[in-house]
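Engineer: What follows is a predicted structure for the sequence shown.
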Amino acid sequence: MDSALESRRIDALEMWCWRRLLRIPWTAFRTNVSILEELKVKERLSSTVQIRIPKFFGHITRNKHSMERLVVQGKVEGKRSRGRSPRWTDIIKAIIVLLQHKPP
């Protein structure tokens, strides 16, 4: 799945949750920006996820004898079946590229 598509879906979920928590009906015309300003949200959920995924990956790869490390690094015997989602290493590489091009 594309990183931009995942980011949009995470943002959509975040806004849906905020609207449910605030009990805003779907018929009320409120922009996402106005809701985020009302809640004083500083950072979107998708950007938090993009920061935490590499940290979690580092946490898993530090343990040399764990099953999670083998699975995440894709060193399990056999081939990936056709149509399977990308490996963690592919996702990590994509996030690193995004973080390198993001202005500070």
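Structural biologist: Structure's in. What do you need? Residues are numbered from 1 along each chain as shown.
Engineer: By residue count, which helix of the chain is the longest?
Structural biologist: With secondary structure taken from DSSP state H, the chain has its longest helix at helix 3-22.
Engineer: what is the mean pLDDT for that helix?
Structural biologist: The pLDDT scores in helix 3-22 average 91.
Engineer: ok now that helix, how far from the chain's centre?
Structural biologist: 11 Å (C-alpha atoms, centre = their mean, to the nearest Å).
Engineer: what packs against it?
Structural biologist: helix 32-39, helix 45-62, helix 88-101 (3 or more C-beta pairs under 8 Å, 6 or more residues apart in numbering; DSSP states H and E). For the C-beta atoms, the positions are set from N, CA and C on the backbone; glycine is no exception.
Engineer: For Cys17, find the nearest of the ones you listed.
Structural biologist: Proximity to Cys17 (C-beta to C-beta) singles out helix 45-62 among the helices and strands packed on helix 3-22, at 8.7 Å.
Engineer: picking that back up, of the helices and strands packed on helix 3-22, which approaches Glu6 most closely?
Structural biologist: Proximity to Glu6, assessed across the helices and strands packed on helix 3-22 by C-beta to C-beta, is greatest for helix 45-62 (7.8 Å).
Engineer: relative to helix 88-101, how tilted is that closest one?
Structural biologist: Here the directions of helix 45-62 and helix 88-101 differ by 130 degrees (axes from the mean of the first three to the mean of the last three C-alpha atoms, to 10 degrees).
Engineer: what does helix 45-62 contact?
Structural biologist: Contact partners of helix 45-62, identified using C-beta atoms under 8 Å, 6 or more residues apart in numbering, comprise 6-8, 10-11, 13-14, 66, 68-69, 72-73, 88, 91-92, 95-96, 98-99.
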